[in-house]
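Novice: Turn this into a structure:
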Amino acid sequence: MKIIPIYGYGYDSNIYLITGSKTTIIDTGTGMHSKKIINKINKITPLKNIEQIILTHEHYDHTGGAIELQRQSNMKTRIIAHTLTASALKKGEGVYAELFGAETTLINVDAVIKNNEDIQIGDEVFTTLHTPGHSPGSVCLYSEHSKTLISGDTVFSDGGFGRFDLPGGNAYNLIESIKKLTTLEVEDLYPGHGPIVTGEGDKHIKEAWLNIKSMMPDA
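Specialist: Purely as a prediction, here's the structure:
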């Protein structure tokens, strides 16, 4: 299994192409630069080989490109998200496309995932961890085998963490979600924005937990 980061343009999230027996894309960016992103993917593997697109949460900078990527795969690719994200995308609620100067596009998710549900990605089994706080439907994906965490906008490198000031965000939920992540043994950290971490990813997660707790002394 290989995780290939495709760093987005402008407001795009990081996009991860994971090759293997179940080739997967994690998050899709805003869709404003889909042509460039599709060209990058096709240089690595034909888009028709992508079996699934997993969305870490409902925000537009992570989901806006999902429909175009699915369409370019001849509709063979399934879109997968947490139950709460799937509901938000279907209704166009909590996506915040207007923050990026775009219009909300309704997305029908093909399959939903829940907390502690296992899903094959590439050649490994990842566990879905529901980590609300940045958004209601936020999830992280963890492989115990390779000690890999794909963290969406829950935690970033160098002790960073997702914003919680948008409707649906909650600082106390985010503290609890990050606390849950501190119990994991993480080597490699793949966040929704910014640089990836190769080795000792759990130190970055613990730093994020301390940083957010320092902002909320009553937590």
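Novice: From now on I want contacts and neighbour counts done on CA atoms only, so please keep to that.
Specialist: Noted.
Novice: Just give me how far the longest strand along the chain sits from the chain centre.
Specialist: Ordering each strand of the chain by length in residues (DSSP state E) puts strand 124-130 first. Relative to the chain's own centre, strand 124-130 is displaced by 12 Å; criterion: CA atoms, centre = their mean, to the nearest Å.
Novice: Give me the contacts around it.
Specialist: Residues from elsewhere that reach strand 124-130, judged by CA atoms under 8 Å, 6 or more residues apart in numbering: 1, 82, 113-120, 137-145, 177.
Novice: what's the average pLDDT for the helix or strand just after it?
Specialist: Once the chain leaves strand 124-130, the next helix or strand it forms, by DSSP states H and E, is strand 139-143. The pLDDT scores in strand 139-143 average 98.
Novice: And the contacts of the helix or strand that strand 139-143 is followed by?
Specialist: Counting by DSSP H and E, the next helix or strand C-terminal to strand 139-143 is strand 148-152. Residues from elsewhere that reach strand 148-152 (CA under 8 Å, 6+ apart): 56-57, 138-143, 186-193.
Novice: Among those residues, which pair sits farthest apart?
Specialist: Spanning the widest gap among those are H57 and E187, at 22.7 Å by CA to CA.
Novice: higher neighbour count, these two?
Specialist: H57 (32 against 16; other CA atoms under 10 Å).
Novice: dump the residue contacts of that one.
Specialist: Counted by CA under 8 Å, 6+ apart, H57 has contacts 63, 81-82, 85, 135, 137-139, 152.
Novice: so which strand or helix has it?
Specialist: Applying DSSP H and E, one finds H57 in no helix or strand.
Novice: other SSEs contacting the longest helix along the chain?
Specialist: In the chain, assigned by DSSP state H, the helix with the most residues is helix 201-215. The criterion is 3 or more CA pairs under 8 Å, 6 or more residues apart in numbering; DSSP states H and E, and the helices and strands that helix 201-215 contacts are helix 171-181.
Novice: Tell me what angle the helix it packs on forms with strand 148-152.
Specialist: Counting by axes from the mean of the first three to the mean of the last three CA atoms, to 10 degrees, helix 171-181 lies at 170 degrees to strand 148-152.
Novice: Let's see helix 171-181 as PDB, backbone CA atoms only.
Specialist: Output of helix 171-181 as PDB, limited to C-alpha atoms (Å, rounded to 0.1, in the frame of the first residue of the first chain):
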ATOM      1  CA  ALA A 171     -14.600  23.000  21.300                       C
ATOM      2  CA  TYR A 172     -15.400  20.500  24.100                       C
ATOM      3  CA  ASN A 173     -16.300  17.800  21.600                       C
ATOM      4  CA  LEU A 174     -13.000  18.400  19.800                       C
ATOM      5  CA  ILE A 175     -11.000  18.200  23.000                       C
ATOM      6  CA  GLU A 176     -12.600  14.800  23.700                       C
ATOM      7  CA  SER A 177     -12.000  13.600  20.100                       C
ATOM      8  CA  ILE A 178      -8.300  14.600  20.200                       C
ATOM      9  CA  LYS A 179      -8.000  13.000  23.600                       C
ATOM     10  CA  LYS A 180      -9.300   9.700  22.100                       C
ATOM     11  CA  LEU A 181      -6.600  10.000  19.400                       C
END
